[in-house]
Every structure is written in structure tokens, then in C-alpha cells.
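Undergrad: What follows is a predicted structure for the sequence shown.
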Amino acid sequence: MMTNLFSSFDPISSVFNFSLNWMSTFISILLIPLMYWSLPNRFTIVWFNLMNILHDQFKTLLLPNGKLGSTIIFISLFSFIMFNNLMGLFPYIFTSSSHLAFTLSLALPLWLSFMLYGWLTQTNHMFIHLVPQGTPPILMPFMVCIESISNFIRPGTLAIRLTANMIAGHLLLTLLGNTGPLTMNSLILFQVLIFSQLLLLSLEMAVSIIQSYVFSVLSTLYSSEVN
């Protein structure tokens, strides 16, 4: 029976007819207790330095009008997405960030909360964003339509960007892995395959971190427009 190329993304593993794939979303919780040791180790030092760098960047993006402690939301968002992306690179762990059900459930509530807060508390400020500064009067109706459409598709672009990047890398790894039995007769081809797999895996680790950073930065920029 032929298998579908996307079968690696199907939630099919279960115990007693209960799907456990989405439980892997919370597997990163097992790593959290490492940060509560009284003596810091290298992992905690690197992690807290990374959090301080992200805090400074998000604080700059939120402008002086940003609410106190608002950077914690986006740092937590970055950590959650990054852990799920990296955990999905391990064998037999379900990649939840490759599904729109996961990414859209993160992007849509954030966007809705920003829009509701902005339109209910700062209506004039939100209307100003619909017409860029310096727009000729004759083009203002078209700019309002364009800005409104670009605003409405923001949660979709956030979700699809993360999903597409995670799916693309996993599909490449799957395709290269399926060619393994065909290269067993040639040692050179097998070594090239292993080397390319390692390079692609390293690239996927970088993509996992970069995409979580892009998701959180864009969410921060969308939040700064409301203030």
C-alpha cells in the first residue's frame, strides 16, 4: 500500500484509542525544572542571557508607551514555539507547530486581543493607521481598503509562515530518509546522504529558532501599533 508523503504529520499514534500526539506539545515542561536549581549551570546561564537580550529587543519594539511587563508575554511565546519546533526534530515526537490548528490558535487570539483593545480604547489612533502619512487625498479610499485587508490577513500570515517552514524542512528530511535503502549498495552515496541529512538537520534547528523569533517579533510589532 502506498503511503502519503504527509503521513508523518498525521496524528495517528494512540493508546487505548486516545490520541497522544498533541501531548508532545507539553513535553518541554520536563525541561523547565532545570532552571530552578540553586546553583546555575551553563544551560541556565545561556538561557537567561538569551531572555535578557529578547527583553531588551522587545522593549525597544514596544516603544516607550508599552505596558510594564508586556515583554513577558512575547518572551513566553518565543520560548513555547521554539521548544515545540526543536522537540519536533527528535524521532517519534509529533511536530505540533507544523499544523495550522496549533499556529492559528496562537496567532488569532493575539491579533484579536490587539484589535479589540485598540478599537475600543484608542479608536482615533487605529483610524490613523489606516491612512499612511503623506498619502494624496485621491488615494486615501484605496489605502484604507489595502490597509484593512493587510490587517485582516495578519493572523493567517503568521500561522501559515510558521507552518510552511516547519513542513518544508520535515518533508525534505523525510524524502532524504526514504532514499536511504536505495544507497546501501554504494558507500559513497550513503556517506553523502548521511552528511546531507546532518546539514539539513542543522539548518532545521536554525530555522526552528529563527521562525519562533520571527513569530514573536511580528506579534510585538502588531502590539506596538496599538499603543
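TA: Cool, the structure landed.

Undergrad: wait, what's in contact with the nearest residue to Val217 once chain neighbours are set aside?
TA: Nearest residue to Val217, sequence neighbours excluded (CB to CB, 6 or more residues apart in numbering): Leu61, at 7.0 Å. C-beta: built from backbone N, CA, C; applies to glycine. Leu61 makes contacts with 217, 220-221, 224, as judged by CB atoms under 8 Å, 6 or more residues apart in numbering.

Undergrad: Over to Gly169?
TA: Counting by CB under 8 Å, 6+ apart, Gly169 makes contact with 200, 203-204, 207.

Undergrad: What residues sit buried inside stretch 99-107?
TA: Along stretch 99-107, these residues count as buried under the neighbour rule (16 or more other CB atoms under 10 Å): 99, 102-104, 106-107.

Undergrad: can I get the residues you listed in CSV with secondary structure and distance to Phe26?
TA: Output for the buried residues of stretch 99-107, formatted as CSV (DSSP: H, G, I helix; E, B strand; the rest coil; distance: CB to CB, whole Å):
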residue, secondary structure, distance to Phe26
His99, coil, 15
Phe102, helix, 12
Thr103, helix, 16
Leu104, helix, 19
Leu106, helix, 15
Ala107, helix, 20
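
Undergrad: Now the residue located most distally from the centre of the chain: phi and psi?
TA: In the chain, the residue that sits farthest from the middle, by CA atoms, centre = their mean, is Asn185; the gap is 39.8 Å. Main-chain torsions, Asn185, degrees, to the nearest 10: phi -80, psi -20.

Undergrad: do the same with Met184
TA: Met184 adopts backbone torsions of phi -70, psi -20, taken as degrees, to the nearest 10.

Undergrad: for it, what are its contacts?
TA: The neighbours of Met184, taking CB under 8 Å, 6+ apart as the test, are Phe190.

Undergrad: Can you check the pLDDT for it?
TA: At Met184, the model reports a pLDDT of 73.

Undergrad: And Ser216, by the same measure?
TA: 92.

Undergrad: same question, Pro64
TA: Model confidence at Pro64 (pLDDT) stands at 67.

Undergrad: Among the contacts of Gly169, pick out the one closest to Pro137, please.
TA: Taking CB to CB as the measure, Pro137 sits nearest to Val207 out of the contacts of Gly169, at 44.4 Å.

Undergrad: circling back: can you list the contacts of Gly169 in a markdown table and add distance to Ile29?
TA: Putting the contacts of Gly169 into a markdown table (distance: CB to CB, whole Å) gives the following:
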| residue | distance to Ile29 |
| --- | --- |
| Leu200 | 28 |
| Leu203 | 27 |
| Glu204 | 23 |
| Val207 | 23 |
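
Undergrad: Around the residue lying closest to Ser208 once chain neighbours are set aside, count how many other residues there are.
TA: For Ser208, ignoring the flanking residues on the chain, the nearest one in space by CB to CB, 6+ apart is Asn85 at 3.3 Å. The burial count assigned to Asn85 is 26, neighbours taken as other CB atoms under 10 Å.

Undergrad: Kindly report the same for Val214.
TA: When neighbours are counted by other CB under 10 Å, Val214 registers 16.

Undergrad: How about the contacts made by it?
TA: Each residue near Val214 by CB under 8 Å, 6+ apart is listed here: Arg161.

Undergrad: For this protein, which segments are assigned as strands?
TA: Shown for the chain, the strands assigned by DSSP state E span residues 14-15, 18-19.
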